[in-house]
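Q: here is a sequence with its predicted model. Questions after.
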Amino acid sequence: AVVSTQSTGTNSSNQENTSVSRSNSEDSEDRDGIRYSSNIFAPLLALGEELPEFDLEDDDEDDDTEGQNNSPPIESARRLLDIARDAEDSESSDDEDDPLTSFFRMQMNGLLSGRTRARKPEPISKLFTKLGINPLWDSHTNIDLSLFYNDNISQELMMEEDYINYKSGKGFAFLHYPFVLRPHVKSVGLQFDNRINMNRSVNPLMLLMSGEYPYLKLKVKRNNLVEDALTHLEMVAEEEPQQLQRQLYVEFEGEEGVDEGGVSKEFFQLIIAELFNPDYGMFVDIEDTRMLWFNPQSFEVDHNYKLIGMLLGLAVYNNIILDIRFPTVLYQKLMGEQPDIRDLILSHPLLGSSLQQLLDYPDEDVEEVFMLDFVASTTGLFGETITHHLVEGGDGIPVTSANKHEFVAKYVDYVINTSISKQFDQFKKGFDMVASHSPLKAWFRPEELEKLIVGTPQLDFKALQGVTRYDNGYTADTDVVKWFWEVTHSMTDDDKSKLLAFSTGCGLAPVGGMGEMTFVIVKNGGDSERLPTAHTCFNVLLLPEYSSKEKLQKKLYLAIQHFEGFGMI
């Protein structure tokens, strides 16, 4: 957010009405400091947060500043607050503020004049509230809820303005009716909300005194990734859990790369691959889907599951896509839904279908045909059969046509809930430590949350080509650019994923697909023996102007097959 004063360009009356008078030298000296300070205070003020103790009284002409801290950040902050306060008297301006500035001005004026905070918005439906339900969020509805998406609204919505209306309770906001918005549009609003929470998690006075934006800093060694991350994040979670709401900043020990987003992406890829390694035994493959599920017999300690939950939350908070393969029922559990047989059929198809056959069996001879008792059997780590009683004395209670529905309900509950409760509870605890302040549950359905975390599996490079920008002499008609797309479109899906990971730090498409990405191809010199390089933080591919398509193809394949680590380019 930027605090706007009135134009001083060509409108002389506006120039005369400007409330804050400063010399040209002061303007050039303090402009950056004021912009920096506004970025700190705007989200806090928008939510009505209390400010640190500053002297806001009007200064006399001969201002006696003895004893005050006049360091540039503090002085810039005081100037910012003066601008915002004086804005209350500047109602005659002919210039229209942008929505964020108007909202900031309104909230600042309200704070300085002692008015109360903005009212909270009313619930979407009083009927929903009375009944204690939200049917539009029910994953078991017979209606495909994606039919409610409105493409015109999703394409034209000004999310910044809509988010401001949503938070302030003043004016209409489509975020109160999120079922009409596509997930990638809501993810933009989530980024606004995450940024506000990041700023709320810090002490503004500390921020100004240090002159450094506070990140959640994580320094790790590549050969000790899990232990380093676990030790640091556990310490933060116990001592200052609010730090988990700050932007993640990762540094690999011994490497020069500066984390503008790309280093964090690689950190997530590496640690997720290690934690989900079968050698850890934390997760098992569901044979008929190749999805991952919690290992009920895992020997791993609880805090490793909590770490994975925290990593998922941090990924959402930092807008990072993860390469993980959980069934949708996991996200239903994270969102507080109670799964049933329909969800088991999707997550564990063979087991779920067998139980459904039992329910559908029409005759009365269930006991003779199925020969089941109220027990659930699983296979242990060493191939042994482990039996769990679904009810007390279950091994002596046969399943009949009269109690088969109870049996199936208890079996489903055992597989999805009871058998993994210890592992999942820690996993959810870690996730909620990061994401509990986020409007995830209000805006996203479980399947949308899944897309938000794992992205879209389809890699549509034609859509990416349509939104790609070119720089430093390249255009869409440059020969090497044409060759690049010809080579790319002929790649296998695996190589396309590697190219995407090489260029952006992630081999998966974001929610909304590749047409929603930012991608830039930049000329990196003339014909050369160098390989292509990339700024993964900004989705920028640096491509030399190779002399032939064959040379480009050879260099590009070498680059995407052998890349790891960060350095200064």
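A: That came through, no problem. Just so it is clear, the model here is predicted, and its values are computed rather than measured. Numbers count the residues shown, from 1 in each chain.
Q: and for stretch 491-510, what are the contacting residues?
A: The contact list for stretch 491-510 (C-beta atoms under 8 Å, 6 or more residues apart in numbering) reads 184, 261-262, 265-266, 269, 320-321, 323, 454-461, 488, 516-517, 519, 532, 534, 536-537, 539-541, 556-557, 559-561, 563. All C-beta atoms are positioned from the backbone trio N, CA, C, and that covers glycine.
Q: please repeat the previous calculation with a cut-off of 7 Å.
A: 262, 265-266, 321, 323, 454-456, 458-459, 461, 488, 516-517, 534, 536, 539, 541, 559-561, 563 (C-beta atoms under 7 Å, 6 or more residues apart in numbering).
Q: what's the answer for stretch 229-241, then?
A: By C-beta under 7 Å, 6+ apart, stretch 229-241 touches Leu216, Leu218, Val220, Gln243, Leu244, Ile271, His303, Leu307, Met310, Met433.
Q: CA atoms only: put stretch 532-542 into PDB for me.
A: This file holds the C-alpha atoms of stretch 532-542, laid out as PDB (Å, rounded to 0.1, in the frame of the first residue of the first chain):
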ATOM      1  CA  PRO A 532      20.900 -22.400 -20.600                       C
ATOM      2  CA  THR A 533      20.500 -21.100 -17.000                       C
ATOM      3  CA  ALA A 534      17.500 -19.800 -15.100                       C
ATOM      4  CA  HIS A 535      16.400 -17.500 -12.300                       C
ATOM      5  CA  THR A 536      13.900 -19.800 -10.700                       C
ATOM      6  CA  CYS A 537      12.900 -17.100  -8.300                       C
ATOM      7  CA  PHE A 538      11.300 -15.100 -11.200                       C
ATOM      8  CA  ASN A 539      10.600 -17.900 -13.700                       C
ATOM      9  CA  VAL A 540      13.200 -16.500 -16.100                       C
ATOM     10  CA  LEU A 541      15.000 -18.700 -18.600                       C
ATOM     11  CA  LEU A 542      18.300 -17.300 -19.800                       C
END
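Q: residues in contact with that stretch?
A: Here stretch 532-542 makes contact (C-beta under 7 Å, 6+ apart) with 260-262, 265, 502-505, 517-522, 524, 543, 555-556, 559, 569.
Q: for the contacts of stretch 229-241, pick the one with the most neighbours.
A: Within these, Met310 tops the neighbour count with 26 neighbours, counted by other C-beta atoms under 10 Å.
Q: quick one on the thing from earlier: and the contacts of stretch 229-241, which of them are in helices?
A: Ile271, His303, Leu307, Met310, Met433 (DSSP state H).
Q: tell me the pLDDT at the closest residue to the fourth one other than its chain neighbours?
A: Right, the one you point to is Met310. Nearest non-adjacent residue to Met310, counting by C-beta to C-beta, 6 or more residues apart in numbering: Gly430, 3.9 Å away. Gly430 carries a pLDDT value of 90.
Q: again, but for Ala87
A: 46.
Q: among the contacts of stretch 491-510, which are in helices?
A: Gly262, Lys265, Glu266, Val454, Phe461, Thr488, Ala559, Ile560, Gln561.
Q: now, the most widely separated pair of these?
A: Pairwise distances across the ones in helices among the contacts of stretch 491-510 (C-beta to C-beta) peak at 25.5 Å, for the pair Val454 and Ala559.
Q: for stretch 451-466, buried residues please.
A: Lys451, Leu452, Ile453, Val454, Gly455, Thr456, Leu459, Phe461, Ala463, Leu464, Gln465 (16 or more other C-beta atoms under 10 Å).
Q: what residues does that stretch touch?
A: For stretch 451-466, using C-beta under 7 Å, 6+ apart, the contacting residues are 183, 187, 312, 315-316, 321-322, 324, 444, 485, 488-489, 493, 496-497, 500, 508-511, 513-515, 517, 519.
Q: what is the end-to-end distance of that stretch?
A: Its first and final residues considered, stretch 451-466 spans 22 Å by C-alpha to C-alpha, to the nearest Å.
Q: pLDDT averaged over it, what's the number?
A: On average, stretch 451-466 scores 88.
Q: now stretch 469-477
A: Mean predicted lDDT for stretch 469-477 stands at 92.
Q: contact partners for Gly189?
A: Going by C-beta under 7 Å, 6+ apart, the list of residues near Gly189 reads Met159, Tyr163, Leu175.
Q: the same query, at a cut-off of 10 Å, please.
A: Taking C-beta atoms under 10 Å, 6 or more residues apart in numbering as the criterion, Gly189 is in contact with 157, 159-160, 162-163, 166-167, 173-175, 178, 181, 439, 443.
Q: which parts of the helix or strand containing it are buried?
A: For Gly189, the host element (DSSP states H and E) is helix 183-200. Across helix 183-200, burial judged by 16+ other C-beta under 10 Å covers 183-190, 192-194, 196-199.
Q: same check, this time on stretch 499-517
A: So, applying 16+ other C-beta under 10 Å, buried residues of stretch 499-517: 499-514, 516-517.
Q: how about stretch 245-254?
A: For stretch 245-254, the neighbour count (16+ other C-beta under 10 Å) marks Gln245, Arg246, Gln247, Leu248, Tyr249, Val250, Glu251, Phe252 as buried.
Q: columns secondary structure on top of the residues you listed, output as CSV?
A: Converted to CSV, these look like this (DSSP: H, G, I helix; E, B strand; the rest coil):
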residue, secondary structure
Gln245, helix
Arg246, coil
Gln247, coil
Leu248, strand
Tyr249, strand
Val250, strand
Glu251, strand
Phe252, strand
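Q: between these, which is nearest Asp343?
A: Nearest to Asp343 among the buried residues of stretch 245-254, with distances taken as C-beta to C-beta, is Gln245, at 30.9 Å.
Q: I'd say the closest one and His437 touch.
A: Yes - in this structure Gln245 lies within contact range of His437 using C-beta atoms under 10 Å: 6.5 Å.
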